[in-house]
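K.L.:
only geometry, no sequence info:
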């Protein structure tokens, strides 16, 4: 009986564990369009600091302030990549369409990038991954590139 209780406790803890529990906060900010809040974003790293050369493990957690369809999320991602001039694979667009749900106010979408794996979580529940070389870094460039369309948010996220 004692072992059963311990086993249930371990399983319960894993079921509710945060996908970013091993990472430290770097910075946070809010994406606005004029005066409308679109989402709050938080960046996490293994060190609690951001450096493009040092960090292997990064996570970005977005808490939405508006309802957005999954098609719109993918379209915005692709548009931001196009603005940055980054090269991306068509399979990445397909994967995002399959993985991402529509979001409503208060929902959280988190990506955890470790090595070549980019794992997505919706309200802390795993929903899928893209395990293709370069995806994670390319995806995070939307927020972390010096050429991002949201430089104020970038500075808040990387802590400068």
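P.N.:
Done, it's in. Since this is a predicted model, take the numbers as computed values, not measurements.

K.L.:
Next up, the contacts around residue 152.
P.N.:
With C-beta atoms under 8 Å, 6 or more residues apart in numbering as the criterion, the residues that contact residue 152 are residue 29. Placement of C-beta: from N, CA and C, glycine included.

K.L.:
now the helix or strand that contains it: how far from the chain's centre is it?
P.N.:
If you go by DSSP states H and E, residue 152 is part of helix 151-158. Chain-centre distance of helix 151-158: 15 Å, with C-alpha atoms, centre = their mean, to the nearest Å.

K.L.:
for stretch 94-112, same thing?
P.N.:
With C-alpha atoms, centre = their mean as the basis, stretch 94-112 stands 9 Å off its chain's centre.

K.L.:
So which bits of it are buried?
P.N.:
95, 96, 99, 100, 103, 107, 108, 109, 110, 111, 112 (16 or more other C-beta atoms under 10 Å).

K.L.:
so what's the backbone phi/psi at the nearest residue to the fifth one once chain neighbours are set aside?
P.N.:
By the measure of C-beta to C-beta, 6 or more residues apart in numbering, the closest residue to residue 103 outside its immediate chain neighbours is residue 64, 4.5 Å from it. For residue 64, the backbone dihedrals (degrees, to the nearest 10) come out as phi -80, psi 140.
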